[in-house]
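Student: Got a sequence here, can you build the structure:
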Amino acid sequence: MQDASIFDRCVGFATVGNVVMAFYEKVLESKITRPYFERIDVP
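Tutor: A predicted model of the protein is given here:
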């Protein structure tokens, strides 16, 4: 049996999803980065 990956042992999908959502929130709050993402459908 193969050992679990670092992803599976440490964070898993839910944690990565939370990090991505926090990133989107910060990007959309920033006056600098918001214009680059205005045409992208962010969840």
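Student: State the helix or strand in which the most centrally placed residue in the chain lies.
Tutor: The centre of the chain sits closest to residue 20, judged by Cα atoms, centre = their mean, with a distance of 1.0 Å. Element membership for residue 20, per DSSP states H and E: helix 12-29.
Student: mind checking how far the residue nearest to residue 24 when sequence neighbours are not counted is from residue 21?
Tutor: Setting aside the residues directly before and after it, residue 24 is nearest to residue 42 in space (Cβ to Cβ, 6 or more residues apart in numbering), at 4.9 Å. C-beta here means a position set from N, CA and C on the backbone, and glycine is covered the same way. To residue 21, residue 42 is 9 Å away according to Cβ to Cβ, to the nearest Å.
Student: if we can go back for a sec, might you report the residue contacts of the residue nearest to residue 24?
Tutor: 24, 27, 28 (Cβ atoms under 8 Å, 6 or more residues apart in numbering).
Student: roughly how far out does the helix or strand just after the helix holding residue 20 sit from the chain middle?
Tutor: As assigned by DSSP H and E, the chain's next helix or strand after helix 12-29 is helix 34-37. Counting by Cα atoms, centre = their mean, to the nearest Å, helix 34-37 is centred 16 Å from the centre of its parent chain.
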